[in-house]
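Undergrad: give me the fold of what follows.
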Amino acid sequence: MGENLAYQDARQEELIGGKVVMMSPAATDHNRIARNIFGIFWEYLKGKTCEPFGDGEKVFLTKTDHFVPDFMVVCDPDKVKWDGVHGAPDLVVEVLSPGTAKNDRGHKRDVYESSGVLEYWIVSPGDKSVEIYRADNGKFIFHDIYTLRHDYELAQMTEAERAAVVTHFKCSLYDDLEISLDDIFYRTF
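TA: Residues are numbered from 1 along each chain as shown. Reported below is the predicted structural model:
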């Protein structure tokens, strides 16, 4: 393959605010989380109109913003083209990395919002949390943050506190899909 440009993967860069940003290789936990989320939705969406896309698929939102989210769901098959998704996905998930957190929480979040994404998740491998924003009249509204508790944290809680810990949540797109934090963070450090 070497220097032959035909073999170079164009998906290893994003266009963020008109600037080409090279994507750095993801850490093991980042990859596992993205894979786990893809697996949850892959199983659920089999035979349905909506389609899950894993890490590596481009989404074209504006002339100056072409992102590669860690995961997305697209329910309009007309948006899917040979080179990626053209238009707002219904759900977008970004898994934070030290080098991407500022863009994921800032510019990319704003573009997802203004483009019409219905639900946006920011997943933190370090905190083992899923922060969810949902569109309401074209604006993202913070919905909730769900955090997987460590065994040592649970051991320090009262029985009532442990009973109040949320371990499952739902995506606003699907009333019958319950998502487990254990499944999202399966095999992560």
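
Undergrad: use CA for all of it now, contacts and neighbours both
TA: Will do.

Undergrad: quick one, grab the pLDDT at the residue positioned nearest the centre of the chain.
TA: For the chain, Val93 is the residue whose C-alpha lies nearest the centre (C-alpha atoms, centre = their mean; 1.1 Å). What the model reports for Val93 is a pLDDT of 98.

Undergrad: OK, contacts around it?
TA: Residues in contact with Val93 (C-alpha atoms under 8 Å, 6 or more residues apart in numbering) are Pro69, Asp70, Phe71, Met72, Tyr120, Trp121, Ile122, Val123.

Undergrad: tell me which of the residues you listed is nearest to Ile16?
TA: Within the contacts of Val93, proximity to Ile16 (C-alpha to C-alpha) peaks at Pro69, which comes in at 12.0 Å.

Undergrad: doesn't that closest one lie inside a helix?
TA: No - the assignment for Pro69 is coil, going by DSSP: H, G, I helix; E, B strand; the rest coil, so no helix is present there.

Undergrad: nearest residue to it other than its sequence neighbours?
TA: Excluding its sequence neighbours, the residue lying closest to Pro69 (C-alpha to C-alpha, 6 or more residues apart in numbering) is Glu94, at 5.7 Å.

Undergrad: these two touch, right, the one you found and Val123?
TA: Yes - in this structure, Glu94 is within contact of Val123 by C-alpha atoms under 8 Å, at 6.2 Å.

Undergrad: more crowded one of the two?
TA: Val123 (28 against 25; other C-alpha atoms under 10 Å).

Undergrad: just say helix, strand or coil for the more buried one.
TA: Assignment for Val123 (three-state DSSP): strand.

Undergrad: may I ask which two of the contacts of Val93 are separated the most?
TA: Within the contacts of Val93, two members stand farthest from each other by C-alpha to C-alpha: Met72 and Val123, at 13.0 Å.

Undergrad: check contacts around Glu119.
TA: Going by C-alpha under 8 Å, 6+ apart, Glu119 touches Asp90, Leu91, Val92, Ile132, Tyr133, Arg134, Ala135, Phe140, Cys171, Ser172.

Undergrad: now the helix or strand bottoming out on mean pLDDT in the chain, how far from the centre of its chain.
TA: Least confident helix or strand, the chain: strand 19-22 with a mean of 91, by mean pLDDT, DSSP states H and E. Taking the mean of its C-alpha atoms, strand 19-22 sits 19 Å from the chain's own mean (C-alpha atoms, centre = their mean, to the nearest Å).

Undergrad: any chance you could list what contacts that strand?
TA: Counting by C-alpha under 8 Å, 6+ apart, Gln12, Glu13, Glu14, Leu15, Thr64 sit against strand 19-22.
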